[in-house]
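Peer 1: task: produce atomic coordinates for the following.
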Amino acid sequence: MMYSALDIPVWVAVCVAFLLIAGALLALIGSIGFLRLPTFYERIHAPTLGTSWGIGGVMLGSMVYFSAAASRLAIHEILIGVFVTLTTPITLMMLARAALHRDRVERNGKAPPKQTPEPDSNS
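Peer 2: Down below sits the predicted model:
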């Protein structure tokens, strides 16, 4: 049996509201970082953190609400969290590598310098 939103306890409603607001604020911070940072390489980091942590807050809020409303554990949202957690960093890495390759081939000076390994001091 599913209860309406008016029938859930106040502490659950406060917890859900906190998680939703926190998730929305983290997504907003990621969006602002995307707009404010100057270069592509700096820009790609902020939205991925906002997406990962923002969707985490919304997902946890949804899990708490539907668990309380249905009087049973609702964990369907974990699949969404797993997919977002796996795909967001992979997408970031692929975009960064493609941009780095393009900038190095074009020699336009936008790419960060190559990292050279330090010599081993033990030998």
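
Peer 1: how many residues are close by M63?
Peer 2: By the measure other Cβ atoms under 10 Å, the count of residues near M63 is 19. For glycine as for every other residue, the C-beta is placed from the backbone atoms N, C-alpha and C.

Peer 1: need phi/psi at the closest residue to it other than its chain neighbours.
Peer 2: In space, and not counting its chain neighbours, M63 is closest to E77: 5.1 Å by Cβ to Cβ, 6 or more residues apart in numbering. When read as degrees, to the nearest 10, the backbone of E77 gives phi -70, psi -20.

Peer 1: assign P112 to helix, strand or coil.
Peer 2: Put simply, P112 is coil when judged by DSSP: H, G, I helix; E, B strand; the rest coil.

Peer 1: the nearest residue to it once chain neighbours are set aside: what secondary structure?
Peer 2: Spatial nearest neighbour of P112, excluding adjacent residues (Cβ to Cβ, 6+ apart): Y41 at 6.5 Å. What three-state DSSP gives for Y41 is helix.

Peer 1: which residues touch Y41?
Peer 2: Shown in contact with Y41 (Cβ atoms under 8 Å, 6 or more residues apart in numbering): A96, A99, L100, K110, P112.

Peer 1: L25 now?
Peer 2: By Cβ under 8 Å, 6+ apart, the contact set of L25 is G54.

Peer 1: which of the helices or strands spans it?
Peer 2: Assessed by DSSP states H and E, L25 sits inside helix 10-36.
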